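Asks: For reference, the sequence and a predicted model appear below.
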Amino acid sequence: MATQPLIRSDHLFDTVELSKWELEQIMERAAFWEKNWRPGQAPFAGRFAANLFFEPSTRTRFSFEIAEKKLGLHVLNVNMEESSTTKGESLCDTVKTLSALGVEVVTVRHREPEAIQELLTEDTGCKIINAGAGKMAHPTQALLDLYTMKKHFGSLSGLKVAMIGDIKHSRVVRSNCWALGKFGVQVIFSGPESMRDHELEKIASYLPFEEAIREADVVMMLRVQLERHHEQLFVSAGEYFKNYGLSIERFQTMKPDAIIMHPGPVNRNVEISDELVEHPRSKIFAQKTNGVFIRMAVLERALGGVQR
Amino acid sequence: MATQPLIRSDHLFDTVELSKWELEQIMERAAFWEKNWRPGQAPFAGRFAANLFFEPSTRTRFSFEIAEKKLGLHVLNVNMEESSTTKGESLCDTVKTLSALGVEVVTVRHREPEAIQELLTEDTGCKIINAGAGKMAHPTQALLDLYTMKKHFGSLSGLKVAMIGDIKHSRVVRSNCWALGKFGVQVIFSGPESMRDHELEKIASYLPFEEAIREADVVMMLRVQLERHHEQLFVSAGEYFKNYGLSIERFQTMKPDAIIMHPGPVNRNVEISDELVEHPRSKIFAQKTNGVFIRMAVLERALGGVQR
Amino acid sequence: MATQPLIRSDHLFDTVELSKWELEQIMERAAFWEKNWRPGQAPFAGRFAANLFFEPSTRTRFSFEIAEKKLGLHVLNVNMEESSTTKGESLCDTVKTLSALGVEVVTVRHREPEAIQELLTEDTGCKIINAGAGKMAHPTQALLDLYTMKKHFGSLSGLKVAMIGDIKHSRVVRSNCWALGKFGVQVIFSGPESMRDHELEKIASYLPFEEAIREADVVMMLRVQLERHHEQLFVSAGEYFKNYGLSIERFQTMKPDAIIMHPGPVNRNVEISDELVEHPRSKIFAQKTNGVFIRMAVLERALGGVQR
C-alpha cells in the first residue's frame, strides 16, 4: 500500500498556504485511496482523531468521520455544547487535553477563523485540519472541487470556472480561488449585486449570469443561506431562482461538455432546478464521494504518511 | 460462517410485505448469529451503516448500533437536531448524500411513516430499515417478538397472543399482527375502551382483560405513554394498573406455561407488577437480547448476505 | 501480553473500598499498559462498554472512551437527554437493558451518588465504574493522581500532599484522601474559609496557604467553579487568584522538587498562573495522559482481566 512517497506532515488551514506541488500530491493520494482502498484495510489502525465542530454540519463531519474510519482511526466527536470550553476552558487547552489523551489529529469547524488559526500557532501537540472557518476558508471543499474537475477534464489547465451566487459570504469561493489560481484557472463570478465582493474581483472577472454560464467549463452554483433571508440579501427563493437559478433553459446554454457543481446542501429549485441535481453532467453527488478520498489524503498528510 | 443460503437483499418497511418464508429466513439467520457470533468476528468489516433517528430512543438505537458493530460495520449516528434537514435539505437528499459518502444501509425512525416510505420508493442508493414509523410500523420489534415466542414454544403454530393496553396508538401491535397472521397465530386484544382500534379488531378478537389473559399463551403488555396523560386516555397510573395492569393475582390466572412480554421501556407497577418484570416466565429482557440477533439478520439481509 | 496475574473482577465506586494492595495492582496494570500498548492491539476486541454521563464532561468521558477503544472495546455513549430515563425508566432498568443488549461494563457520572450506588447493589448484569458521583467520589481521578505522584517520586511513602481551594465541594479531594490514606501520605488542606470542610479536617491538617505550599511535595490546585460564583463562595476570579492562586512568586517558595497538579479543566490565572500550567514541574497534562492508562486498568479489572 505504501509505494507512494511520504507526503509532508502538517496542519491544513487554507489552500493559500499550499504549493501547486502540494495540491497535486494531495490529489494524487486521494486518487490512490479511491483506487486501492478496500473494506477491512486500516493503515492507521488504533490511532485517534477528533472532530471538533462548533457549527452544525452533517455532510462535512460525516465525510471526515468516514475518511477517518476508512483509515482505521478511532474517532471522537465533540459538539460545542458538551465541550469543556463552555466551562471556561480555551479551545487551545481543549486540544492540548486531547493531545495528552492520545489524539493525533483534530478537525475543527468554527465560526471564527481566528479560533482555528490560534491552534496552528500554539504547540498543541495535535495536527489541525480546518473543516470550515467562518466566511474565510474551507480547504478540503476546494481540494475536492479541484479533484472533481481534474477527474472529469483530465487536467485543470485552461479551464474556466464560474461561481454563481453569494460570493461575498462564501468560504468555498475563497479557498477555491486560491487553489485554482495556482493552476492558472480563470475564475468568473456572477450573482446578485448585494452578494458581490469587490475585493475578490481583483483576481476574477464579474460577468452577467447568462454570459458567465456560456463561458464556463465548470458552473459552480453556491448555496443560498435561506436562513439569512431576513438580512434582505434577496427577495425570495422564487425570485432568486428566476434571476440566478440554474434552470433547464440556462443549462442548455452551457458548453456541451461543461459540468455543474455545488458544495451542498442544495436548495432544489432555488439555486438549481430539481431535475438537474442528478443530471449526468452534474457532479454534485460525485463531489461528496470524492470528498472522502480527499479527506483521507489530508488526514494521511497530517499523520505523516502511511510509511512509518 | 457462510454455510446458510443467501437471503434476499432488500429494504424493510413493515412485516406486512414479508412472506412467511422470509420471516422464517430472518429468524433462522438470527438463530445463526445467536449461536455462532463471537467477539472479534466482523463479517462486514469496514463497511458503513447510519442510524437516522428523528425521535428519541435509547433501546432501539443501541440495539441497532450493537448489531451493526457485531457485524463489523462502522456506525454513524445522526440526531435530528444536527442533521442538514434542518437546513432545508430533504430526508431523501440526506440519504443520497450518505450513499455518496459510502454508507450502504440506513436505519430510520420517524414520526411520519410517509417520510420513511418515500425513501423506499426513491433510488437513494442505500438500503432502508424502518426502526419505528409513527403509530404504523415497527417491523424489527415484531420480528424479535416472534423470535422470542418461537424460541420458547418451539413453534408459532397454534399459539394465542393477547396484546393488552393501548392498541390504538401502537406500531408494535400493527407489525406484530401482520407477522403473526402469516403463521395463523390467533391475536386477542384487551385494554381500555378509549384505546381500542375497531378497524384492527377485524383481524383479532377483543376480550375483557381477565378473560384475555386466561386464554393466552403470550401476554404482551403494551407500554402506556404516561407523557400522553393529558390526552385523557386514562385517569392515572394507579388507576391504570388497577384496571389493566398485570398484577401477581392476574398472573396466577394465566396458563401455567404462558409467558409475559413487553416491548419496553416498562413502567413498573403501571403496566405490570414490579416483581413480575424479572420473573422466570417474563421474557422482557430476553426480548432485548433477541432483538440484537434479529437486527443482525435484518442488516445482513439489507447488505445482501455474508456471501459476496 | 497476559503475563500479569489476574486482578479481581469488580465494580468501582470509590477508593475507600479498595485495599492498598488493590490500589497498587491497578497502578501496576496502568504501568503495564503504558509500557506495552501499541496501536492495533485490542485485547478485548468485540466486547461492549457504555458511558452513561448525566453531567457534561469532555475530559473524563473522552479519557474513558479512549481507554475503552485502546482495549478494543466497542463504545456506546449515552447522554442524559436521549436516555429512556426521561421516559420514566429507572437508571437500573436502563443498565439492565444495556446488559441484555450485550454491554459488559458501564461507566456512570451522576450528580447524585445514590443513583450510582443503587446500580452496585442491584444485579444489573453489568460492571459499574463510577466516573464522578456528585461531591462524593471520583475514584479514577484519585487513582491517576496517585499514579502520577508515584511515577514522579518513585514511591508514595513519606509524601506530603497539599490540596488548595474548594475542599468542601470536591469529589476529587475525597477520593484522593481515602486513597492517599492507605499509603500513609500526609494531607494538608488550604483555601478560603467558606470552602473548608471541618469534617474532613479530622484526617488532614488545615494550614494557611503560604505555609501549605512551603511544606508540600505535591501542590494540588483545585478547580474553582466559576459558575457557582453567585453562591458567594468567593468575591471574584481576580480576588481568588490574589489570595489563593498559585502565582510565580508562590511557586518559588515551593520545595525544589515539589510538583504542581490540577484535576482540570484549569481556569488560567484563577487557580494558577498561566505560565505555570505547562511548567516542567507541572504534571497537569501528564495527569491526563496517565488517566487513560489508569482507566484501561480499571476497565480490565471490571472485565475480569485479559486472561480468559
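Replies: Happy to help now that I have it.

Asks: Hmm, A:Thr107 is touching A:Ile129, no?
Replies: Yes: with contact defined as Cβ atoms under 8 Å, A:Thr107 counts as touching A:Ile129 (4.6 Å). C-beta coordinates here come from the backbone N, C-alpha and C atoms, glycine included.

Asks: How is chain A partitioned into domains?
Replies: As recorded under automatic domain parsing, the domains making up chain A are A:15-138+A:290-302, A:139-288.

Asks: where exactly do the strands run in chain A?
Replies: Under the criterion DSSP state E, chain A contains strands at A:48-53, A:74-79, A:103-110, A:127-133, A:160-164, A:186-190, A:205-206, A:218-221, A:259-261.

Asks: Next, format those as CSV and append distance to chain C.
Replies: Conversion of the strands of chain A to CSV gives the following (distance: least, Cβ to the nearest Cβ, whole Å):
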stretch, distance to chain C
strand A:48-53, 6
strand A:74-79, 5
strand A:103-110, 8
strand A:127-133, 16
strand A:160-164, 38
strand A:186-190, 41
strand A:205-206, 45
strand A:218-221, 36
strand A:259-261, 36
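
Asks: Could you check those and tell me which one is nearest B:His11?
Replies: Checking those against B:His11 by Cβ to Cβ gives strand A:74-79 as the closest, at 27.9 Å.

Asks: what's the angle between the closest one and strand B:74-79?
Replies: 10 degrees (axes from the mean of the first three to the mean of the last three Cα atoms, to 10 degrees).

Asks: Paired strands for strand A:74-79, with orientation please.
Replies: The strands beside strand A:74-79 in its sheet (DSSP bridges) come out as strand A:48-53 (parallel).

Asks: what are the ranges of the helices in the stretch 151-300 of chain A?
Replies: Using DSSP state H, counting those that start in this stretch, the helices found in the stretch 151-300 of chain A span residues A:171-182, A:209-215, A:237-244, A:248-251, A:284-302.

Asks: I figured A:Arg38 was touching B:Gly46, is that so?
Replies: Yes: applying Cβ under 8 Å as the test, A:Arg38 and B:Gly46 come out as touching, 7.5 Å apart.

Asks: more neighbours, these two?
Replies: Here A:Arg38 and B:Gly46 are compared on neighbour count by other Cβ atoms under 10 Å in any protein chain shown; more neighbours surround B:Gly46, at 18 against 7.

Asks: Spit out the contact partners of the more buried one.
Replies: Contacts were defined as Cβ atoms under 8 Å, 6 or more residues apart in numbering or on different chains; by that measure B:Gly46 touches A:38-42, A:70, B:72, B:74.

Asks: let's see it at 10 Å
Replies: A:37-42, A:69-70, A:72, B:72-74, B:102 (Cβ atoms under 10 Å, 6 or more residues apart in numbering or on different chains).

Asks: Pass me the low-pLDDT residue ranges in chain A, would you?
Replies: Regions of chain A meeting the criterion pLDDT under 70 cover residues A:1-9, A:80-88, A:227-234, A:306-308.

Asks: okay, stretch A:122-129 in CSV with CA atoms only?
Replies: What follows is the C-alpha trace of stretch A:122-129 in CSV, where atoms were taken according to Å, rounded to 0.1, in the frame of the first residue of the first chain:
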residue,chain,number,x,y,z
GLU,A,122,0.4,27.3,19.5
ASP,A,123,2.1,24.0,20.1
THR,A,124,-1.0,21.9,21.0
GLY,A,125,0.6,18.6,20.2
CYS,A,126,-2.1,17.8,17.6
LYS,A,127,-2.2,18.3,13.8
ILE,A,128,-5.1,20.7,12.9
ILE,A,129,-7.3,20.4,9.9
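
Asks: Now it: buried residues?
Replies: Along stretch A:122-129, the positions that meet the burial threshold by neighbour count (16 or more other Cβ atoms under 10 Å in any protein chain shown) are A:124, A:126-129.

Asks: Thank you, goodbye.
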